[in-house]
Structure formats: structure tokens, C-alpha cells
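In: Take a look and give me a structure for this.
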Amino acid sequence: MAQMESAADHIMDIITQSNSCTLEKVIFECPELTWDRVFIEINRLRREGQIRLTLKQPGYYVVTRVAQPDATQRAIERKVA
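Out: Numbering: from 1, shown residues only. As a prediction, the model looks like this:
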């Protein structure tokens, strides 16, 4: 991980490489971070709507990047709301 790259940026890079991956893979790919730091960032990214965390079976989570709507879609959503 580059010195200036944040933990969230590094995690998003990992997820973006394949559009989705297991939570375990993210933890494995971030040896410089503790597992709880990874989970805190995953949780924050999930709450911000940047990723989706899906339970596939007990103890097996998949992390998926959420496509950001373009400006036109956001304008439509604002009019509807």
C-alpha cells in the first residue's frame, strides 16, 4: 500500500479489481491493517453506500462495489423524492 493511500482507498482498490470478493480476501490483501481496522472501513464504506456486504452463508461474506449513479440518474431521483 502506498504511504499516502488511505485504508479505505486500498480496500476499494481490492474490491474494484474483481467487482466483488470475500471479506477474507480483503483482510488477507491488507496485511498492514488489523482485521478490526478493515472491518471498520468496510462498515463505513457500506454505510456510505459505496459497497454492499452480503452474507452468503454463516461466516461467509461477499463485498461488492456499488455502481455510483451518473448525474442524470441522481437528478431524476431528486425529482421523485
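In: And the helices in the chain, which stretches?
Out: 7-18, 23-28, 35-47, 71-80 (DSSP state H).
In: any low-confidence regions in this structure?
Out: Low-confidence segments of the chain, defined by pLDDT under 70, span residues 1-4, 68-81.
In: What's opposite residue 65 in the beta bridge?
Out: Applying DSSP bridges to residue 65 gives these bridge partners: residue 51.
In: how close does it get to residue 34?
Out: Using C-beta to C-beta, to the nearest Å, residue 65 is found at 23 Å from residue 34. The C-beta positions use only the backbone N, C-alpha and C, and glycine is treated the same way.
In: What count of nearby residues applies to residue 23?
Out: As a burial measure, residue 23 scores 19 neighbours (other C-beta atoms under 10 Å).
In: coming back round to it: will you turn the helices of the chain into TSV that also has distance to residue 61?
Out: Formatted as TSV, those follow (distance: least, C-beta to C-beta, whole Å):
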stretch	distance to residue 61
helix 7-18	12
helix 23-28	4
helix 35-47	9
helix 71-80	28
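In: right, and these - which one's nearest residue 57?
Out: Judged by C-beta to C-beta, the one of those that comes nearest to residue 57 is helix 23-28, at 12.4 Å.
In: for the chain, which residue is closest to the average position?
Out: residue 51 (3.9 Å; C-alpha atoms, centre = their mean).
In: Skipping its backbone neighbours, what lies nearest residue 55 in space?
Out: Spatial nearest neighbour of residue 55, chain neighbours left out: residue 61 (5.7 Å); criterion: C-beta to C-beta, 6 or more residues apart in numbering.
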